[in-house]
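>>> please work out how this folds:
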Amino acid sequence: MKRIIFTNPTAQKMYDDYFARVTRCVNILSATDQQELLMELNSHVYEATHRGITGNEVDILVDALDKLGAPEMVLQPTVAYKKVQQAGRSFNPKHILQALYLNIANGAGFFVIGIIYLLILAFGSLAIIKLIAPTHTGLFLQNGHWFAFGYTSNLPNGLIELLGNWFIAVVIVLMGVFYFLNTLLFRLLKKR
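From the prediction side, this is the model:
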């Protein structure tokens, strides 16, 4: 990668510091992948700072680096993806462990998203089932203790259904809450 030279020493320091952070983020990759990512980011900075825009070099560089984003955040998915590719090519246990480590947070996050979507589907199904089998669906108590939430074919004596038709409203509210949480989690994972 050919380093960009700025006339303003502050701009040069900002540029060098940014690319030192980029280098730290990509140092786990092969030399070829590191060089590819460095050159790509450098080309974006070069294009942004040499577009013919007149003004303070520092302001132009700050704007360009802000648009690129923090390397630790922006490069994480790319580094994780490239590490998986490298592990798949090399079958090196070290590369495989590094790829697993880099991707485990995303994998766990998407697993949780999947579970929450299943819960949303289950709550929606319970609302429909309450209309079909109202006496077997609801929030049930037996002798002052929780017995069941949802559908149950086992209706022993002394069982009290607490919510009645409000059960449908409760599961719809739960669907909304879990949908909101899922959307929030998805946004958090996309920022990584």
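>>> can I see the domain layout of the chain?
What automatic domain parsing lists as the domains of the chain is 9-74, 108-191.
>>> could I get these as TSV with mean pLDDT and distance to Gln98?
Glycine gets a C-beta too; all of them are placed from N, C-alpha and C. TSV is the format used below for the domains of the chain (pLDDT from 0 to 100; distance: least, CB to CB, whole Å):
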stretch	mean pLDDT	distance to Gln98
domain 9-74	89	6
domain 108-191	86	17
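>>> now those as a markdown table including mean neighbour count?
Shown next, in a markdown table, are these (neighbours: other CB atoms under 10 Å):
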| stretch | mean neighbour count |
| --- | --- |
| domain 9-74 | 15 |
| domain 108-191 | 14 |
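>>> how about JSON lines for those, with distance to Phe91 added?
Below are those laid out as JSON lines (distance: least, CB to CB, whole Å):
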{"stretch": "domain 9-74", "distance to Phe91": "14"}
{"stretch": "domain 108-191", "distance to Phe91": "24"}
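>>> mind checking which of those is nearest Ala99?
domain 9-74 (9.6 Å; CB to CB).
>>> how about Glu161: what's its closest non-neighbour residue?
Excluding the flanking residues, the one nearest Glu161 by CB to CB, 6 or more residues apart in numbering is Gly138, at 4.1 Å.
>>> what helix or strand is Trp146 on?
In the assignment (DSSP states H and E), Trp146 maps to strand 145-151.
>>> list the contacts of whichever helix or strand comes after that strand.
Per DSSP H and E, strand 145-151 leads on to strand 159-161 as the next helix or strand towards the C-terminus. If you take CB atoms under 8 Å, 6 or more residues apart in numbering as the criterion, strand 159-161 is touched by 135, 138-142, 147, 167.
>>> now for the following helix or strand past strand 159-161, which elements pack on it?
Per DSSP H and E, the first helix or strand lying C-terminal to strand 159-161 is helix 166-191. Packing partners of helix 166-191 (3 or more CB pairs under 8 Å, 6 or more residues apart in numbering; DSSP states H and E): helix 93-132, strand 137-142.
>>> one more time with 10 Å, if that's ok
Packing partners of helix 166-191 (3 or more CB pairs under 10 Å, 6 or more residues apart in numbering; DSSP states H and E): helix 76-90, helix 93-132, strand 137-142, strand 145-151.
>>> next, the angle from it to strand 145-151.
Using axes from the mean of the first three to the mean of the last three CA atoms, to 10 degrees, the inter-axis angle of helix 166-191 relative to strand 145-151 is 80 degrees.
>>> let the chain start at 26 from now.
I'll keep to 26 as the first residue from here, and by that count the last item is helix 191-216.
>>> for helix 191-216, what is the distance to the chain centroid?
Between the centre of helix 191-216 and the centre of its chain there are 16 Å (CA atoms, centre = their mean, to the nearest Å).
>>> pull the CA atoms of the strand holding Trp171 into PDB?
Extracted in PDB, the C-alpha atoms of strand 170-176 (Å, rounded to 0.1, in the frame of the first residue of the first chain):
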ATOM      1  CA  HIS A 170     -49.200 -22.300  41.800                       C
ATOM      2  CA  TRP A 171     -48.400 -21.900  38.100                       C
ATOM      3  CA  PHE A 172     -49.600 -24.900  36.200                       C
ATOM      4  CA  ALA A 173     -49.300 -24.000  32.500                       C
ATOM      5  CA  PHE A 174     -49.100 -21.100  30.000                       C
ATOM      6  CA  GLY A 175     -50.300 -22.000  26.600                       C
ATOM      7  CA  TYR A 176     -52.200 -25.000  25.500                       C
END
